[in-house]
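Asker: Turn this into a structure:
(2 chains)
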Amino acid sequence: GENVEQHPSTLSVQEGDSAVIKCTYSDSASNYFPWYKQELGKGPQLIIDIRSNVGEKKDQRIAVTLNKTAKHFSLHITETQPEDSAVYFCAASKSGGYQKVTFGTGTKLQVIP
Amino acid sequence: EAGVAQSPRYKIIEKRQSVAFWCNPISGHATLYWYQQILGQGPKLLIQFQNNGVVDDSQLPKDRFSAERLKGVDSTLKIQPAKLEDSAVYLCASSGTGYEQFFGPGTRLTVL
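Answerer: Got it, this is the predicted structure:
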């Protein structure tokens, strides 16, 4: 089955700096890569996603890049703010019949004011 | 639009007891997921329903876990009997025609 590895497990940045989280996946058939943000006591919430036919996607301060050849994808957060502090999960899935999503182990991001 | 509802939010039981969790997905969402999230880990899929049929339960410990989705809407996840290692947050999610999964707040289970 699919295996998703995520690094780093914890990340501390100063407010205003950039944060980068990296993930690798094992199944070359995976074609959908969402990123979720989980705040304390809440369920994960989708913040951005990318499909395998696209190399990069940006939404305001958040961007995701995908390298299909190397089977890795990254989340970039620019101009970090204290409210960006949370746990971030990458995930990988493939369609066909039904969609099964495999999550990474998570990155706890702390933005220091 | 109302989100995914789960209850209870917290549950403390002793090992070998039984427990049940309830989930009400977003109206109209055909696909419903139950995940187990152990502290410090990512969510792990336990079971996935398409309407009221099971499409994936490969990671569900069927000797103690069971789930059903009545009439393709609400769902219940049961653990009987519970073990210490079942302590986790149980997340329910639903999705419609798109890829995005919408998660509920989860039920935090502590097994003593």
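
Asker: what residues are up against residue 57?
Answerer: Unless you meant another one, I'm taking chain A. With contact set as CB atoms under 8 Å, 6 or more residues apart in numbering or on different chains, A:K57 has these partners: A:I48, A:D49, A:I50, A:A63, A:V64. Quick note: C-beta positions are derived from backbone N, CA and C, even for glycine.

Asker: Can you look at chain B instead?
Answerer: B:L46, B:I47, B:Q48, B:A67.

Asker: low pLDDT regions in chain A?
Answerer: Within chain A, the ranges that satisfy pLDDT under 70 run A:96-97.

Asker: Chain B contacts on that one?
Answerer: Residues of chain A lying close to chain B by CB under 8 Å from any CB of the partner chain are A:4, A:6, A:32, A:34, A:36, A:41-46, A:49, A:89, A:91, A:93, A:95, A:97-106.

Asker: And the strands in chain A, which stretches?
Answerer: Ranges of strands in chain A, per DSSP state E, are A:4-7, A:10-14, A:19-25, A:32-38, A:45-51, A:56-59, A:62-67, A:72-77, A:86-94, A:100-103, A:107-112.

Asker: Looking at those strands, spot the one closest to B:F103.
Answerer: For those, the distance to B:F103 is smallest for strand A:45-51, at 6.9 Å, taking CB to CB.

Asker: I'd guessed B:Q6 sits against B:L109; true?
Answerer: No - using CB atoms under 8 Å, B:Q6 is not in contact with B:L109, being 11.7 Å away.

Asker: The helix or strand of chain B with the lowest mean pLDDT - contacts with which helices or strands?
Answerer: Ranked by mean pLDDT, DSSP states H and E, the weakest helix or strand in chain B is strand B:53-56, scoring a mean of 92. With contacts defined as 3 or more CB pairs under 8 Å, 6 or more residues apart in numbering or on different chains; DSSP states H and E, strand B:53-56 has these neighbours: strand B:44-50.

Asker: which parts of the strand it packs on are buried?
Answerer: B:L45, B:L46, B:I47, B:Q48, B:F49 (16 or more other CB atoms under 10 Å in any protein chain shown).

Asker: Next up, the contacts around the fourth one.
Answerer: Pointing back at B:Q48 there. B:Q48 neighbours (CB under 8 Å, 6+ apart): A:Y98, A:K100, B:T31, B:L32, B:Y33, B:W34, B:V54, B:V55, B:D56, B:D57.

Asker: Give me the neighbour count for the residue lying closest to the third one once chain neighbours are set aside.
Answerer: Okay, so that is B:T31. The shortest distance from B:T31 to any non-neighbouring residue, by CB to CB, 6 or more residues apart in numbering or on different chains, is to B:S95 (4.6 Å). Neighbours of B:S95 under the rule other CB atoms under 10 Å in any protein chain shown: 19.
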